[in-house]
Structure formats: C-alpha cells, structure tokens
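Chemist: Here is my input, please return the structure:
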Amino acid sequence: MLKQRVITAVLLLPLVGFILFGLNLNGFAITLLIVNYLLAWEWARLSSIEHSPLKSLYALFVSLVSLVVWYYAPAIELWPSTWFIEWHWTSTLLAFWLAVAGWGIAFSMLLLASTTREFWNRTPWIRLLLGVILIVGFWVSVIALRNTDINQSPLMGGFYVLFMFTLVWGADVGGYVFGKLFGKHKLIPSVSPGKTWEGFFGGVFLTLVVAVAGAYLLELPVNNLGLFILAIITIAIISVLGDLFVSLLKRQVNVKDTSQLLPGHGGILDRLDSTIAVSPFFLLFAKALGWI
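Modeler: Numbering: from 1, shown residues only. This next block holds a predicted model:
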C-alpha cells in the first residue's frame, strides 16, 4: 500500500505542477472542470447512488452547473477582483457564498452525526444538493485564487494555490505524525477512530509552521499578526473538519474509499476532501490579509 501511494504521488507531481503553472487561466478552469466531474461522480456514491449511469448523470449535472456559473460570470480574469470591492451579485459571488454556507451545514451535520444519522440516511437528496454547492464553490474559489496577480506575475496565482495545498498537507501530516507519537485521546471516534486530539493540535502547529515559511518565501505581507495566526488556525481546523465530514459520509454508506481511481490513495475526493473545505475560506482570509 505504501509503495503504491509513493508511486502514485511521484507520477502525479509533474501533472499537478503543469496544471498550476503551465496552463493559461482558461485551460486551468477547464482542467479543474474535469476534476469537478470526477469529484461529483464520487460524491454521488457517498449519497447512496449505486448505479454508474446515475452517478455519471449527477457528475454531468454538477459540471453543467459550473459551466452556467462561468457563462453568467464576469470575464474570468475579473472573478476575484470585484467580489469584495463592490457588493453586487454575480454567479461567482453566489457560488462562493453558497459554498461558505454549505460548509456551515456540513459541519453541523458532523457535530450532530450521532443524533441525526437516520435522517440523513433517509434524505440522500440533501447530500446530493450539498455536493453541487460545495464542489462548484471549490471550483470557483480555486480559479479565483489561481487568477491572483496574474497580470503582475503569471506564476503567482499558481503559488497561491500551492500554498493552500501545503497548509492542508501540514494539517494532515502533523495530525498523522503527532497522533502516532502522542495520540491517546480520540477526537471523534464514531466518525474517524484514528484521529486524536494530540494529532489535531500537532496538525495546527505544523500548519502554522508551514504558513510562516510560505508567507516568507512568497513575500506575503503580515501586517496584522493576530489575524494571520487566527486565519491559519481556522484553516487548519476547517481542513480537519472537511476530512471528518467526508469520513462521516463514507461511514454512512459503509465504504472505505470514495473510489479506486488513485492506486494506494483511493479516490480524488479522498485526496481533496480537506482542500474543498478550505478553498473558499483561504480565499476569504487571503483577501482579509491583503494578499489579494
């Protein structure tokens, strides 16, 4: 299993690098649309849809919703620049704030999992609707982040997206290492028996370390240290909650992985669960911190 994970990761790294830095903005958006389709296909499985044609139909629907957002949005180069300057509704703004609200619902589902499990099992359409909101919001947020400072430095947006990824990896790696070394107290055993409070705090700590290093390397301004620390801690918490929420959905349908698309890793949703949760909030904090 470990060997498969390493091989898959090594093979994927050049592809991820090309997507982040080798494609223009439209090419990046189209490539991410393909990722959207695969994420939605796996999400359908977590919403109790078993038949492949129905999963494909749902994935196509999510992709079409993304295209509708794109069609009615301002020019793609303007997506991030008008969101917080002028308060007017566009399709991208609507998708973004729906995703923020959707994750609020998802986290509530997670906290109330022990008392509302039967309700969610009887209403898979709510999970399907939530999937549309969260996946499309992820798509909009990452494209907007990729577009940051694209006129001043074509590569800067890619580095912003990579920075977001490293924060999520920091929370994940820190949680695993500190959990293995010191873990004694279970975080939410009914959802993810392997996660501990010690691992959680270790993940927050490593995320802060990664954030400081990333801000230094990218020369990002940290004019408000308190807001910076609060933002990074919040991102670390959201990263863990995103992972736990997808684990909850997998437990409800009794599957270990969302698919077998990535040998040794499971599905794309298994790899991007935390990132989908973090992306709209990272964009929001990046704006608040003056990085956008």
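
Chemist: Touching, Leu244 and Leu110? I think so.
Modeler: Yes - look at Leu244 against Leu110 with C-beta atoms under 8 Å: they come within range, at 5.7 Å. To be clear about C-beta, it is placed using only N, CA and C from the backbone, and glycine gets the same treatment.

Chemist: Overlap in contacts, those two.
Modeler: Residues touching both Leu244 and Leu110 (C-beta atoms under 8 Å, 6 or more residues apart in numbering) are Ile188, Val191.

Chemist: Which of the two has more residues huddled nearby?
Modeler: Per other C-beta atoms under 10 Å, whichever of Leu244 and Leu110 has more neighbours is Leu244, with 22 against 18.

Chemist: The more buried one - that's part of a helix, no?
Modeler: Yes - looking at Leu244 with DSSP: H, G, I helix; E, B strand; the rest coil, it is inside a helix.

Chemist: which residues touch it?
Modeler: If you count contacts by C-beta under 8 Å, 6+ apart, then Leu244 has Leu110, Leu187, Ile188, Val191, Ser192, Lys195 around it.

Chemist: Look up phi and psi at the fifth one.
Modeler: Right, Ser192. phi -140, psi 90 (degrees, to the nearest 10).

Chemist: My guess is it contacts Ser247. True?
Modeler: Yes - counting by C-beta under 8 Å, Ser192 touches Ser247, with 4.7 Å between them.

Chemist: ok, Ser108 to Ile188 distance?
Modeler: Going from Ser108 to Ile188 by C-beta to C-beta, to the nearest Å gives 14 Å.

Chemist: Compare these two (neighbour count), which wins?
Modeler: A side-by-side neighbour count of Ser108 and Ile188, using other C-beta under 10 Å, places Ile188 first with 18 against 11.

Chemist: pLDDT value on that one, please?
Modeler: For Ile188, the model assigns a pLDDT of 82.

Chemist: which residue packs closest to it, ignoring adjacent ones?
Modeler: Leu244 (6.2 Å; C-beta to C-beta, 6 or more residues apart in numbering).

Chemist: measure that neighbour to Val132 for me?
Modeler: 21 Å.

Chemist: And for Thr207?
Modeler: From Thr207 to Val132 the distance is 29 Å (C-beta to C-beta).

Chemist: Please say which of the two ends up with more neighbours.
Modeler: Neighbour tally, Thr207 and Val132, criterion other C-beta under 10 Å: the higher count belongs to Thr207, 27 against 19.

Chemist: OK, contacts around that one?
Modeler: Leu167, Gly170, Ala171, Gly174, Ile232, Ile233, Ile235, Ala236, Ser239.

Chemist: Show the buried residues in those.
Modeler: With neighbours counted by 16 or more other C-beta atoms under 10 Å, the contacts of Thr207 contain buried members at Leu167, Gly170, Ala171, Gly174, Ile232, Ile235, Ala236, Ser239.

Chemist: All good on my end, thank you.
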